[in-house]
Every structure is written in C-alpha cells, then in structure tokens.
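Student: A predicted structure for the sequence below; I have some questions about it.
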Amino acid sequence: MDGYGDPYKDFMRDLAFASRSMRTCFDLRLKRHDLTLARGRILLYLASAERPMSQAELTMLLEVEHSTAVRLFDSLEQIGYITRLPSASDRRAKDIALTEKGRPVAATVQRVIDEMRDDVLRGIDPADLAIADRVLNQVTRNLTGLAAAQPEAEPVS
C-alpha cells in the first residue's frame, strides 16, 4: 500500500489497515466454528492458563468494558465452554475455567490461528520478518510509553 511518499505516514496507515484486516479475517475464519474473535481469545487465555482465571483478569486481557466481558462470559457459559467457580482468594469474585467441552474448541481456535499465520506470512523472507518484528516491538514500546504518560481520562457525564 504505497502512495503518500512519507514513510512514517505510510507505515502508520498500513499498520492500522493490516490490524483491521487481520481481525476481520480471524473473525471470518472463527465464524465457521460459531465463534467470534473475542470468544476465541477467552478460550485461548483459559486453555493456556495454569489455573482458573478471575473475571477481572480476563476482562483486563480482553481490553473491553466489564459489561461487555460479562456478556461474553455469559454466552460461553451458556453453551458449556466455560464455567464460573467461586474464587479461592475472594468470596465475592468468580473465577472462570475452561470445561471439557470447551477444550477441543480452544484447540480449534489455536489451529485457526496457526493456519492464518501460515497463510498471512507465506512468501515473506524470515530476515524481513525479523526486521518487521523489531520495528513493531519499538512501536509497541513507544505506544506503551505514550499511554503511561497520559493523565487518567475524565469520566464522560
């Protein structure tokens, strides 16, 4: 996607476009399995966790509002892929665990990710990927620093 001539503007435009395109493609592939990207991410987090995770932990990882996360958890619990358990550390909180029914679905999500990675990166030289990885890591560090330097947002009334 060339065109503007300013490599900084081109990179930011292309990065945003690639991010949106990747999410769209993941959603389309997961839709074949009656999942969304958000639901698939929850299953992957739980599959890789060594213990049940708290709702708060998962909500933070998903980077969504609490109410959105609760709706996602409710829907996954309703179809039997996750279960809510009393928290071992806080009797007011709930932990979430993957069920036996959810394990093969999480494995399917991982397989979709692996296939997508292979499809997306096919034909790209590993040396070019290493350069892109270094650049993206620096972009991430810069963004993290910018976010940390921002004052807390005021609630919208």
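Tutor: Structure's in. What do you need?
Student: surely Met22 and Arg117 touch.
Tutor: No: checked against CB atoms under 8 Å, the pair Met22 and Arg117 is beyond contact range at 10.1 Å. For glycine as for every other residue, the C-beta is placed from the backbone atoms N, C-alpha and C.
Student: so if I had to pick from the two, which one is more boxed in?
Tutor: Met22 (13 against 10; other CB atoms under 10 Å).
Student: name the element the more buried one belongs to?
Tutor: helix 7-31 (DSSP states H and E).
Student: helices or strands up against that helix?
Tutor: On a contact count with 3 or more CB pairs under 8 Å, 6 or more residues apart in numbering; DSSP states H and E, helix 7-31 meets helix 37-48, helix 102-121.
Student: and if we set it to 10 Å?
Tutor: If you count contacts as 3 or more CB pairs under 10 Å, 6 or more residues apart in numbering; DSSP states H and E, helix 7-31 packs onto helix 37-48, helix 102-121, helix 126-149.
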